[in-house]
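Asker: Here you go, sequence then predicted model.
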2 protein chains.
Amino acid sequence: MNATFGEYIRKLRTDNGLTLTELAALLKLDSANLSKIENGKREFDEKRLDKLASAFSLDIEKLKVEYFGDQFAKKMFEFKCSPETLIVAEEKVKYLKSINMVQTEIKF
Amino acid sequence: MNATFGEYIRKLRTDNGLTLTELAALLKLDSANLSKIENGKREFDEKRLDKLASAFSLDIEKLKVEYFGDQFAKKMFEFKCSPETLIVAEEKVKYLKSINMVQTEIKF
DNA sequence: GTAAATTTGTCAATAATTGACAAGTTAAAA
DNA sequence: TTTTAACTTGTCAATTATTGACAAATTTAC
């Protein structure tokens, strides 16, 4: 599976035999705007990931991987970032975790 | 080297013996706001990456790696994304490139 | 102690995102 | 074909987020 997040939603929707209007209702948004999301002309709002997961009984962790993976990829593509960026990101996640752990230790 | 982007700027600045006011002037922003950036209380604006690069004669590509790596890491940390996210991001960058190539071929 | 450097708080101005609706096109069914 | 549902596109006011700017601390280095 490889697709933009919009394409991913569209596949989910059509595979499950829903119309834009039907899924839009579940996600509490306008069907016209859902159309734009599926066609990559609007962003899907982070806040609706939970609704999307429950609409199709998806694992929210898997969904986050798709969603944020898409976000990062779009940025990298737009700004022509070197692949090294992702390696550095991985290191920095570890760094943030270590910082946070220390803070937590101090605080409590 | 491992640091947030704010810490990274601070190191560059102090290593080069500049005050907040001096670097802020080069970046065309308020020194108070630069302080916040260095302390992770504000975002550094994408649009100033070029100015930052030339202020310290940095390779803009390396700088982008630091900058976007930091952005992605912060998101991942905030939303507790699985490391898998970065692998998916890498795949999706390839996908976007392939899509774009096809479009380019058709258009011209 | 004081002067420079830095930090923090605030807020109006600007910019970006969202929700909503109208008006269009496409597609499938009769 | 005509009709009807599905989808797409454009627009814009309203909401929300970001930025620039300045005042007022606080910290640091003589």
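Answerer: Received, thanks.
Asker: Please identify the helix or strand for A:L26.
Answerer: helix A:20-27 (DSSP states H and E).
Asker: From B:L49, how far out is the residue most central in space within chain A?
Answerer: Centroid-nearest residue in chain A: A:Y67, 1.5 Å away (criterion: CA atoms, centre = their mean). Distance of A:Y67 to B:L49, computed by CB to CB, to the nearest Å: 25 Å. C-beta here means a position set from N, CA and C on the backbone, and glycine is covered the same way.
Asker: swap in A:N2?
Answerer: A:N2 is 29 Å from B:L49, by CB to CB.
Asker: Pick out whichever of those two has more residues nearby.
Answerer: The neighbour comparison of A:N2 against B:L49 (other CB atoms under 10 Å in any protein chain shown) goes to B:L49, with 19 against 12.
Asker: quick one: buried residues of the helix or strand harbouring that one?
Answerer: Secondary structure assignment for B:L49, by DSSP H and E: helix B:49-55. Residues of helix B:49-55 classed as buried: B:L49, B:L52, B:A53, B:A55 (neighbour count, 16 or more other CB atoms under 10 Å in any protein chain shown).
Asker: List the contacts of the second one.
Answerer: When you say that, I think you mean B:L52. Taking CB atoms under 8 Å, 6 or more residues apart in numbering or on different chains, we find B:L52 in contact with B:I9, B:L12, B:L27, B:F44, B:L58, B:L63.
Asker: confidence score at it?
Answerer: Per-residue confidence (pLDDT) for B:L52: 97.
Asker: I appreciate the help and will end here.
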